[in-house]
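[1] just coords:
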């Protein structure tokens, strides 16, 4: 999926569960922060992630689903990366501890796993 599709899928709760990975979280955050800024993005995350979890049948509790501390961290970290001029792939590489060249490989592996599940 394209980054804008991931962000739109979060906002309208249509994003397939298989796409809501760490990579998906960072991608959506990057798109939304670039478009709306960090404050509005955090407000959107607070509202929309629980709705997406509900759509996936994932309970929002103390041990599952939406976690405020993770959303605050992701938004702050991605906003910092954008301020430093990092691309989506560079942001993901930095926060998932992968070199940028490995991001492509990890996306291909993730796509292969998804295709095998179908």
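    Nice, thanks for sending it over. Keep in mind that this is a model prediction, so the values were computed, not measured.
[2] The chain: helices as residue ranges?
    With helices called from DSSP state H, the chain shows them at 3-11, 22-36, 38-56, 68-83, 88-95, 100-117.
[3] wait, what's in contact with the residue most central in space within the chain?
    For the chain, the residue nearest the mean C-alpha position is residue 25 (1.2 Å; C-alpha atoms, centre = their mean). Neighbour list for residue 25: residue 74 [criterion: C-beta atoms under 8 Å, 6 or more residues apart in numbering]. In this view, the C-beta of every residue, glycine as well, is placed from N, C-alpha and C.
[4] what's the least confident helix or strand in this structure, going by average pLDDT?
    Using mean pLDDT, DSSP states H and E, helix 100-117 stands out as the lowest-scoring helix or strand of the chain, at a mean of 54.
[5] any idea of the mean pLDDT for stretch 66-76?
    In this model, stretch 66-76 has a mean pLDDT of 87.
[6] Not counting it itself, show me its contacts.
    Against stretch 66-76 from outside (C-beta under 8 Å, 6+ apart): 25-26, 29, 33, 38, 41-42, 45-46, 49-50, 53, 60.
[7] Mind listing what's buried along that stretch?
    66, 71, 74, 75 (16 or more other C-beta atoms under 10 Å).
[8] Go through the residues you listed and name the one nearest residue 90.
    For those, the closest approach to residue 90 (C-beta to C-beta) belongs to residue 74, at 15.4 Å.
[9] distance between stretch 71-81 and the chain's centre?
    Offset of stretch 71-81 from its chain centre (C-alpha atoms, centre = their mean, to the nearest Å): 11 Å.
[10] go on, stretch 74-86?
    On the basis of C-alpha atoms, centre = their mean, stretch 74-86 sits 13 Å off its chain's mean C-alpha point.
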